[in-house]
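Novice: Turn this into a structure:
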Amino acid sequence: RPVFVVAGVGNGTGDRLFAKSGYRVAVVARDSDQAKKLADQINSSEGEAAGFGAGDYSYKSVLAVWDEIKSFKWPSTQQPGPIRGALWNAANGVFKNFLDVTEEDLNLSLEGNITGAFAFSRQAVLTFKENEVDERGARGTLLFTGATASIRGNVLTSAFAVGKSA
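Specialist: This next block holds a predicted model:
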């Protein structure tokens, strides 16, 4: 069965839907306990999942977690599975008044919304290139979620909006 990687767990990210649709789901979160908890929920009801903790969404951390997923031996087969889908839902939200945003806040937002997203998408595309073309003529699917702040920020979303609109 193919693998769908979902980075950034939360309500409505599709991880359960992907599992119900026949994918194994690799759940990625900064907090490994949160990722494992969601994977356990999927395993107990809808399908096969594994949780992976990234620690943060730096370029290096995203590459490391991607390598871990690619080599992960799924319990049902004791072999890695072909990664056919990837969803970037992760973000580092900074919600402060514009004049209260620090350089550290801005860097955190850029890491989660741009640097990590770039590293994730690059690894997804490189992985998809290794796949055979499927019956739809595709090697994989890469998806991104956004946020309302990407098109309509407000006084508390200046650092978050800049990352989501990029």
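
Novice: how about the strands in the protein?
Specialist: Per DSSP state E, the chain carries strands over the ranges 3-7, 24-29, 48-53, 83-88, 141-144.

Novice: Of those, which is nearest Leu38?
Specialist: Checking those against Leu38 by CB to CB gives strand 24-29 as the closest, at 5.0 Å. C-beta coordinates here come from the backbone N, C-alpha and C atoms, glycine included.

Novice: How far off centre is that closest one?
Specialist: Put simply, strand 24-29 sits 8 Å off its chain's centre (CA atoms, centre = their mean, to the nearest Å).

Novice: which sections of this structure are below the confidence cut-off?
Specialist: For the chain, the stretches flagged by pLDDT under 70 are 10-13, 166.

Novice: how about a cut-off of 80?
Specialist: Where the chain drops to pLDDT under 80, the residues are 10-14, 46, 146-153, 159-160, 162-166.

Novice: any chance you could map the helices in it?
Specialist: Ranges of helices in the chain, per DSSP state H, are 15-20, 32-45, 59-71, 103-110, 116-130, 158-164.

Novice: before we move on, the earlier item: nearest to Phe118, of the strands of the chain?
Specialist: Nearest of the strands of the chain to Phe118, taken as CB to CB: strand 83-88 at 9.6 Å.

Novice: can you list contacts of the closest one?
Specialist: Here strand 83-88 makes contact (CB atoms under 8 Å, 6 or more residues apart in numbering) with 2-8, 13-14, 18, 23, 26, 69-70, 116-117, 120-121, 124, 127-128, 131, 134, 139-145.

Novice: Show the buried residues in these.
Specialist: Among those, the ones that count as buried by 16 or more other CB atoms under 10 Å are 2-8, 13-14, 18, 23, 26, 69-70, 116-117, 120-121, 124, 127-128, 139-140.

Novice: center of this structure, which residue is that?
Specialist: The geometric centre of the chain, computed from its C-alpha atoms, lies nearest to Ala7 (CA atoms, centre = their mean), at 1.5 Å.

Novice: which one in this protein is furthest away from the centre?
Specialist: Largest separation from the mean C-alpha position in the chain: Leu99, at 30.3 Å (CA atoms, centre = their mean).
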